[in-house]
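1. Got a sequence here, can you build the structure:
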Amino acid sequence: MELRSSRISFSVAVLLSCFYTYLGTATDTITASRSIRDPETIISNGSAFKLGFFNPGNSSNRYVGIWYNKKSEPVVWVANRNKPLKDASGVVTVSEDGNLVVLNGQNEILWSSNVSNSVTNVSAQLLDTGNLVLHDKTNGTSIWESFQEPTNTFLQGMKLSSHMRTGPIVQLTSWKSPSDPSSGSFSFGIESSNIPEAIIWKDSRVHGRTGPWDGQVFIGLPQMYSIYLDGFKLLVDDQARVVTFTFSFLNSTVFFILTSQGIIEERNWVAEENNWGHFSVPGN
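-> The predicted structure is shown next:
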């Protein structure tokens, strides 16, 4: 009897081990069969970022967002920013048409990746860059990513872009307030009608500008080169008629936020204080 009991215990232990191993290999991914429900989360493979449900500031509304996993606030991307959940009934899943969606308790779609395609075998993976990517599992190609639809935060590897004729394609849009992530009055992007420069708009009016790009810095921000060590890159694709602006620093926990007051702030993790440092970018 004792021998049989030991064998049963061993078998249960093996099954549990396999079960938890299986869960551990997919904690960064959402599929049609692996949804997350409030308050569940997924964490990127290297544990840099987390995706889940949150309520901002003193609001009781619930949103789906991405934030640094071990450094809490701030939220760097919001899915349903203009259609909040009113309770904790939210679900993030992949719909029948292959889109990543946020549903409420009545299965109403509050947000969708809104990709028009016939691909249904897809998965959404949270990367260590903070980018949420919808993959075609058949061939591994990306069909949508959150970096293409940023909210108020400019992360490393993200590309703000502008068409030389039609204007901004990818730009930041501020939160309405610290407790309301819905689209605010301010936007930030690249203007490329003549010589490219970065501009902050309030509604449709220019609120601030950096001056033209001279190949190394925006001339209105001469501090850029000395402060950021040539980490910014502005690239012009003459064939596509698109200008892109990106950055890459050795410190992976540096990013920029367009505040609800229309100010570009640098956020830098200060290890000695175990907190985020807030610094307004000079000149904006």
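
2. According to the record, where do the domains of this structure fall?
-> 29-148, 153-280 (automatic domain parsing).

3. Would you single out the least confident of these?
-> Ranked on mean pLDDT, the bottom entry among those is domain 153-280, at a mean of 88.

4. how long is that domain end to end?
-> Using C-alpha to C-alpha, to the nearest Å, the end-to-end distance of domain 153-280 comes to 14 Å.

5. Ok, stretch 111-125 next?
-> Stretch 111-125: ends 17 Å apart by C-alpha to C-alpha.

6. Skip the chain neighbours and tell me the closest residue to Val170.
-> Ser161 (4.6 Å; C-beta to C-beta, 6 or more residues apart in numbering). Any C-beta I mention is one placed from the backbone N, CA and C, and that applies to glycine too.

7. bridging residues for that neighbour?
-> Following DSSP bridges, Ser161 is listed with bridge partners Val170, Thr244.

8. May I ask you to confirm that it is in contact with Pro196?
-> No: here Ser161 does not reach Pro196: they are 10.5 Å apart, not a contact under C-beta atoms under 8 Å.

9. Could you name every residue contacting both of these two?
-> 190, 243, 245 (C-beta atoms under 8 Å, 6 or more residues apart in numbering).

10. so the last one makes contact with Leu234?
-> Yes: counting by C-beta under 8 Å, Phe245 sits close enough to Leu234 to count as a contact (5.1 Å).

11. thinking again about what came up before, let's have the domains of the chain in CSV, adding mean neighbour count.
-> Shown next, in CSV, are the domains of the chain (neighbours: other C-beta atoms under 10 Å):
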stretch, mean neighbour count
domain 29-148, 17
domain 153-280, 16
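
12. which residue ranges form the helices in the stretch 51-200 of the chain?
-> Counting by DSSP state H, counting those that start in this stretch, the stretch 51-200 of the chain has no helices to list.

13. ok, back up a step: quick one: common contacting residues for Phe245 and Leu234?
-> Residues touching both Phe245 and Leu234 comprise 190, 196, with contact defined as C-beta under 8 Å, 6+ apart.

14. In this structure, which strand is the longest?
-> Using DSSP state E to define each element, the chain has its longest strand at strand 180-191.

15. partner strands of that one, parallel or antiparallel?
-> By DSSP bridges, strand 180-191 pairs with strand 172-177 (antiparallel), strand 197-202 (antiparallel).

16. could you dump those to a markdown table with distance to Arg165?
-> Formatted as a markdown table, these follow (distance: least, C-beta to C-beta, whole Å):
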| stretch | distance to Arg165 |
| --- | --- |
| strand 172-177 | 21 |
| strand 197-202 | 16 |
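
17. Just tell me which of those strands ends up closest to Phe54.
-> strand 172-177 (12.9 Å; C-beta to C-beta).

18. which residues sit against the closest one?
-> Under C-beta under 8 Å, 6+ apart, the answer for strand 172-177 is 56-57, 81, 150-154, 160, 181-189, 258-260, 262.

19. make it 6 Å
-> 150, 152, 181-184, 186-188, 258, 260 (C-beta atoms under 6 Å, 6 or more residues apart in numbering).

20. Can you pull up the most central residue in the protein?
-> Among the residues of the chain, the one closest to the centroid is Trp77, at 3.9 Å (C-alpha atoms, centre = their mean).

21. For the residue lying closest to it once chain neighbours are set aside, give the beta-bridge partners.
-> Excluding the flanking residues, the one nearest Trp77 by C-beta to C-beta, 6+ apart is Ile66, at 4.3 Å. Residues in a beta bridge with Ile66, per DSSP bridges, are Leu51, Trp77.

22. Return the distance of Ile66 relative to Arg81.
-> Separation of Ile66 from Arg81 (C-beta to C-beta, to the nearest Å): 12 Å.

23. Next up, the contacts around Pro56.
-> Contacts of Pro56 by C-beta under 6 Å, 6+ apart are 179, 181.
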